[in-house]
Every structure is written in structure tokens, then in C-alpha cells.
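Engineer: give me a model of this one.
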Amino acid sequence: MTKHRTLTALTCALTALLAPARAPAPPAGPAVATTVHTREGLVRGAAHDGYRTFEGIPYAAPPVGPLRWAAPHRPAAWTGVRDATRPASACPQPAGEVPGGSTDEDCLHLNVTTPDGAAPARPRPVIVWLHGGGFTTGAGSSYDAHRLATRGDVVVVTVNYRLGALGFLAHAGLPGSGTFGLADQQAALRWVRSGIRAFGGDPHNVTLAGESAGGYGVCAQLASPAAAGLFDRAIIESGPCTGSPDRPFAPSAVPPATARGAGADLAAKAGCGSSPDVLACLRRVRVSRLLAVQETDQQPAYGTPLLPGDPAAVIAAGRFHHVPVLIGNNHDEGNGWAAGIIQSGNPVTPATWPDVVAAFFPSPGQAKAIVDEYPVHGTDGGPVFGAVIGDADFACPTARAAGLLAARVPVWRYEFADEHAPPLTPGTPPFPLGAPHASELPYLFDLGGRPRELTPAQHRLADTMIGYWARFARTADPNGPSSPRWSRRTVLSLAPDHVVPTRTAMSRHHCAFWSALN
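Structural biologist: Below is the predicted model:
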């Protein structure tokens, strides 16, 4: 089992785990239309039971032709009323989370969900959501935000941004190399600042939130000088800011040389490596060809004007934007990857365990220490492998990031721990997954436009989480009179049978071991 082959397997497994139940459906029945004036023109959304949606609103011009691999430009104004009752295309990506994938570059759109009824005395807080997917897959329209909006009394904006090679290509002499997707996120935030008031939102109370790669996007914006003043709080779910390329399961950033090397490889595979004008050649390549030759996962580049420093180093030095942060991880982050790798034909047994570890931690000293710290006995190999991935790549980096952030700003930290969280895909895994990566999302959103089956206790947990998230967005303090007290000195464990603070999260995830190993 080579590291490259295993990484391909785990990425495919993660894509399946994150896939929504189905594509977002248009509003059922004769929805009542509603019209709002944006800075580019009128949009007509749809009225539902207690909320309104406005989908497919362009926040930047289509990045096509000479604008492929260029900074986002302001979209053109339109006359008449633009239909905003169904989502626009997802950004180009292979089939997976988006059924059939997408090759449509005209994708820089966002979606707004706002509570219905009379306008409040004060504009509502705004949550801008960045989707996950390894910076390669995903779409804002996969996240039906009506429960978060109505129960939290907030305006929710979900965003498409450029993905894959189209979002993160780096090449010598190309302005914006390695950060086009991050620049799109900033363009969406600027649109929110200038236009969200028309939807009842407060442009001066904006929380930037995201999960997995989207959570790391929040980290990158915390570290980007160009994002100054664009958001007022941050929520980071399973996207630890201190990730690094030697921990391949969690998102991270790469230095310019690495990013340019990946760009050169892409150009060669696309048939443009020997062209006298590589970029002009690449701009003529069909999207489907670019998708076929790009890497499975993408990483932003630092050492650039938009992202001068590695977010991990910027946060460690305290040079990030000083806004309150809510940050957390799931109890069993790594189990989905471990299950996918096992199901792809790589069993984890006492005999194979040393080789499995060595595939991901090539240093002999590190590999032996991990095998000793996490022994495999009998048939428990899958959960042990999952624990190694989750502890090394998510739980302990999240704890470290939270500590670094808390030295400068108010930080609230959680751990989602519902061991019976509803599965995100059909089928039977090789072992119980517990609370794996992305399993908290159905408690905040209806993924793919359809809610997962939740027990009454899980519904109460979902309401509790929405309350915490929305109060944080409103006041920078998640606490409320009817919920357990969340102390900044502890980690709040979130499960149907308990919502309690704990001080043992670092020890149960072996964080002292990982700190010493690193």
C-alpha cells in the first residue's frame, strides 16, 4: 500500500461521505415570489413557510476567457428582474457531492436565506458559510440553511468559490497564484458588506463560518491582510488552522515553490508545458480536461499578496484579525477515512498496522512510537486507525489552534460527540463510525435540501447547537438562559444525552503524545 494510492482512496471515501442525499430541489408548489433590490439589479426569490430564499445571485463576473485565473471582477448589472428561485451551477468539479459534477465556470454565485415576517427593529446578524470538500468539490447550494436562519433569527449566505486547479493554480508571473478561490471568498464578503441590508441583514455584524476546507478558508481569511474589516466573528468547524502538508487528511496551505510545482505538473499533463505562453494555452483548455488532470485535493498557496504567511505561523505569532472565534472538531473525525481505506482493500490488522502507519508517517521513529501508543488488537484496527487520523490531524491541531487564538481573542471550543449521528451515505461501514468528519452538518443544515432522520433527542441537540451558533453570531457569546453554560476555559461536549463542559478532551485524544512527537 503506497501513500499515494492510499491518499487517493481516502479522498474518494471522503467525497462519498460528504455527498448530500440529493441535489437541492426547487421550492415545492406555487411559492410566493418576493423581490429585492441588489446593487446590480432586482432579484426575485421565493417565499416558504417562515423564510425566504434568494438563490444564484452573482457576486462576481464569470471567470472565463481572460478572467480565468484572474482576480474576481464585479458582476455586470442587469435590467428587469432576475429569477433567484433556484440555485445556479456549482463551480467546476468532478462528479461526487454535486451529482454529475460541473464544468460551468459561470459559478460565482451566492444564496441568501432570511427569516420571513415583519422587519426586525434592528438588522439581523449574518452568517456567511464556506462549504468544505478539499477545495475541490462542493457548492453553497448543498446547504439548505432554513433551520439555522429561522430558529437562530439570522440571515445565512452560502457561497460558491472557485475550486480545484481553476481556484488554486500557481504559476510564475501570474498575479493571485494559488489563491483565486480565497479571493472569491473575499469578493463574496464585500458583496455582503454592501448589499445584505436589502435582505434584512446587518452588514456590520457578519460571522464567517465554514467546515473542513471551508473552515480552513476561515483560517486563511483570519490571516489575510486583504480580509481586514470584512467579517466580525469566525466559526471554524473541523478545519484546524495549524494543519500542515505532512498531515494529509486535514486542509493546509503550501509554500510558493510547492504550489508552482503543482502548477507546472498540471500544465504538462494538460499539454501546455512546452507552450511559449503556458497561461494562454491553459486558458484554452477545456474545463473537463483540466478536471481530469488536476490533483485530487487542492491547497492554497501562502507567500502571496493575499496570503503572505502560512496561517499556522500567522496565528502562532498573533498577527491574525482579532475577532471572537468559535472552533471545534468531531469526536471521531478520522473514522470515515479509515473505513474508506479498509473498504478499498487495505485491512488494518495487528500484522498490517506497522505498514499502514508507515505509509502516512514515513519517519521510522515516528511510526514505531505511534504503533506503541495506539496498539491494534484483534479486530479493532479500524477504530484505532480512525483515532490516529482524528487525533493527529484534527483534535490536537484544533486544541493547539484554539490555544493560540485564545491568547489574543475570546474563543469558545466544542467537540461534537453524537456517537449515533445519522450516516451521510447509504451502506454499512466496516465498523461503527461514531461522530466522524462532517457528521455535525445535518444538525445545522438540511444537506442537499432534505433533512436526515433525527431522533427527538437529536432534534433537541440540533436546536441547542443552532442556538449556540446564532447567539455567537449575534453577540460573540454563545450562552443563553435555556442552554448549559459554555465556559471559555473548557471544551463543550455536544451529544444528545449530554451537553456538558469537559477538561479531558486533550488527554483522550493523546495530545501530549502528538505534541512531543512533533
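Engineer: excluding chain neighbours, what is closest to the residue most central in space within the chain?
Structural biologist: By Cα atoms, centre = their mean, the mean C-alpha position of the chain lies nearest to G214, the distance being 2.3 Å. Residue nearest to G214 in three dimensions, not counting chain neighbours: L130, with 3.4 Å by Cβ to Cβ, 6 or more residues apart in numbering. Every residue, glycine included, has its C-beta placed from N, CA and C.
Engineer: W412 reaches R488, doesn't it?
Structural biologist: Yes: using Cβ atoms under 8 Å, W412 is in contact with R488, at 5.9 Å.
Engineer: these two: which is more packed in?
Structural biologist: Using other Cβ atoms under 10 Å, the more surrounded residue of W412 and R488 is W412, with 24 against 15.
Engineer: for the residue nearest to the centre of the chain, what are its contacts?
Structural biologist: 129-133, 138, 237, 239 (Cβ atoms under 8 Å, 6 or more residues apart in numbering).
Engineer: next, format these as TSV and append secondary structure, distance to E440 and pLDDT.
Structural biologist: Putting the contacts of G214 into TSV (DSSP: H, G, I helix; E, B strand; the rest coil; distance: Cβ to Cβ, whole Å; pLDDT from 0 to 100) gives the following:
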residue	secondary structure	distance to E440	pLDDT
W129	strand	13	98
L130	strand	15	98
H131	coil	14	98
G132	coil	11	97
G133	coil	16	95
G138	coil	16	97
E237	strand	7	98
G239	coil	12	96
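Engineer: just send the residues you listed back as a markdown table, with neighbour count too.
Structural biologist: Formatted as a markdown table, the contacts of G214 follow (neighbours: other Cβ atoms under 10 Å):
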| residue | neighbour count |
| --- | --- |
| W129 | 25 |
| L130 | 31 |
| H131 | 27 |
| G132 | 26 |
| G133 | 28 |
| G138 | 29 |
| E237 | 26 |
| G239 | 29 |
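Engineer: so where do the strands sit in the stretch 201-350 of the chain?
Structural biologist: 201-211, 233-237, 325-330 (DSSP state E, counting those that start in this stretch).
Engineer: okay, these in CSV with distance to L110 next?
Structural biologist: Output for the strands of the stretch 201-350 of the chain, formatted as CSV (distance: least, Cβ to Cβ, whole Å):
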stretch, distance to L110
strand 201-211, 12
strand 233-237, 17
strand 325-330, 22
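Engineer: who wins for proximity to T464 among those?
Structural biologist: Closest approach to T464 among the strands of the stretch 201-350 of the chain is made by strand 325-330 (13.8 Å; Cβ to Cβ).
Engineer: name the helices or strands packed onto the closest one?
Structural biologist: Using 3 or more Cβ pairs under 8 Å, 6 or more residues apart in numbering; DSSP states H and E as the contact test, the elements touching strand 325-330 are strand 233-237, helix 396-406, strand 411-416, helix 456-475.
Engineer: distance from the chain centre to that strand, please.
Structural biologist: 12 Å (Cα atoms, centre = their mean, to the nearest Å).
Engineer: again, but for stretch 267-275
Structural biologist: The answer for stretch 267-275 is 31 Å, by Cα atoms, centre = their mean.
Engineer: quick one: contacts of that stretch?
Structural biologist: Contacts of stretch 267-275 (Cβ under 8 Å, 6+ apart): 171, 264, 278, 281-282, 285, 289-290, 293.
Engineer: quick one: low-confidence ranges for the stretch 251-400 of the chain?
Structural biologist: Along the stretch 251-400 of the chain, segments meeting pLDDT under 70 are nowhere present.
Engineer: neighbours around T242, how many?
Structural biologist: 23.
Engineer: what separates it from A407, distance-wise?
Structural biologist: T242 is 13 Å from A407, where distance means Cβ to Cβ, to the nearest Å.
Engineer: repeat that for S482.
Structural biologist: Taking Cβ to Cβ, one finds S482 at 31 Å from A407.
Engineer: of those two, who's got more company?
Structural biologist: Neighbours were counted for S482 and for A407 using other Cβ under 10 Å; A407 has more, 11 against 7.
Engineer: quick one, phi psi at the residue nearest to the more buried one when sequence neighbours are not counted?
Structural biologist: With sequence-adjacent residues excluded and distances taken as Cβ to Cβ, 6+ apart, A407 is closest to G318, at 6.7 Å. The phi/psi pair for G318 (degrees, to the nearest 10) reads phi 80, psi 20.
Engineer: let me see the contact set for G318.
Structural biologist: Counting by Cβ under 8 Å, 6+ apart, G318 has contacts 404, 407-408.
Engineer: again with Q186
Structural biologist: Q186 touches 221, 224, 226-227, 230, 306, counting by Cβ under 8 Å, 6+ apart.
Engineer: just the closest of these to T398, please.
Structural biologist: Q221 (17.5 Å).
Engineer: the nearest residue to that closest one once chain neighbours are set aside: neighbour count?
Structural biologist: Closest residue in space to Q221, ignoring its immediate chain neighbours: A227 at 4.3 Å, by Cβ to Cβ, 6+ apart. Other residues within reach of A227, judged by other Cβ under 10 Å, total 22.
Engineer: again with F135
Structural biologist: Neighbours around F135, by other Cβ under 10 Å: 24.
Engineer: for P300, see how far away it is.
Structural biologist: 7 Å.
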